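Enquirer: Mind looking at a prediction? Sequence and model below.
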Amino acid sequence: DYFDRQNLMDLRLLSTYGFTEDDIAQIRGEEGVRGVFATYSADAVASIGGTDYTLRLHGLPDDPGRMAQDDMNLPVLVEGRWPEKKGECVLVKKAIEIDSEQIGDRIVIQNEDGELDDMLACMEYEIVGFVESPYYLSFTLGTTDKGNGTLYYAAYVRQETFAAEVYTDVYVSIEGAEEL
């Protein structure tokens, strides 16, 4: 089914201190762990077409067009292409489309206080495609401590877009979970 094809995670681990390569190796070595995808995410206020929105950026696997064993929550490209370099993103296509974002539009991250300097290596993105994501299945995308507290957009970028020295998110798949 859809969730198995996109390898939806069984567990999501978060850390405000981050996860090191040693942490990832230890998680990978735990009994019953089938796969581990270490990645990044960051919430921000961003301007799209002159209007401010809250946005969550997620790191993509190295080759989103071909799923490797440890890749999880892989979005499905529905229009355009995958990001090929820093400064490009794919936007999650929402269940109710009331917006007019298009391929080629720019997203500018607001970072006046420098809070995101250690997290993001790029503060401006061109939309190069639209995706559907197994991670975002409802009409709402979730909450954040940015802006008004409600996420309005989610986007996926290449891993090298993040400047963080440690991973912020770890997705884990458990042996036998797909049979449940």
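Expert: Thanks, I have it. Numbering: from 1, shown residues only.

Enquirer: what number of residues lie near D43?
Expert: A count of nearby residues for D43, using other Cβ atoms under 10 Å, gives 19. From N, CA and C alone the C-beta is placed, and that goes for glycine too.

Enquirer: how about it, secondary structure?
Expert: Here D43 is recorded as strand under DSSP: H, G, I helix; E, B strand; the rest coil.

Enquirer: gap between it and R158?
Expert: According to Cβ to Cβ, to the nearest Å, D43 stands 18 Å off from R158.

Enquirer: One more: G114?
Expert: When Cβ to Cβ is the yardstick, G114 and R158 sit 22 Å from each other.

Enquirer: quick one, which of those two is more surrounded?
Expert: R158 (20 against 7).

Enquirer: My understanding was that the more buried one contacts H58; is that so?
Expert: No: R158 lies out of contact with H58 (Cβ atoms under 8 Å); the separation is 10.7 Å.

Enquirer: Kindly state the beta-bridge partners for the most centrally placed residue in the chain.
Expert: The chain has H58 as the residue nearest its centroid, 1.8 Å off, counting by Cα atoms, centre = their mean. For H58, the beta-bridge partners are S41, Y156 (DSSP bridges).

Enquirer: That one: what's it in contact with?
Expert: Applying Cβ atoms under 8 Å, 6 or more residues apart in numbering to H58 gives the contacts T39, Y40, S41, Y135, A154, A155, Y156, V157, D169.

Enquirer: Need the worst-confidence member of those residues.
Expert: In terms of pLDDT, Y135 ranks lowest among the contacts of H58, with 67.

Enquirer: Okay, strands next: where are they in the chain?
Expert: Along the chain, counting by DSSP state E, strands occupy 11-19, 33-39, 41-48, 51-59, 76-80, 88-92, 106-109, 124-132, 153-157, 167-174.
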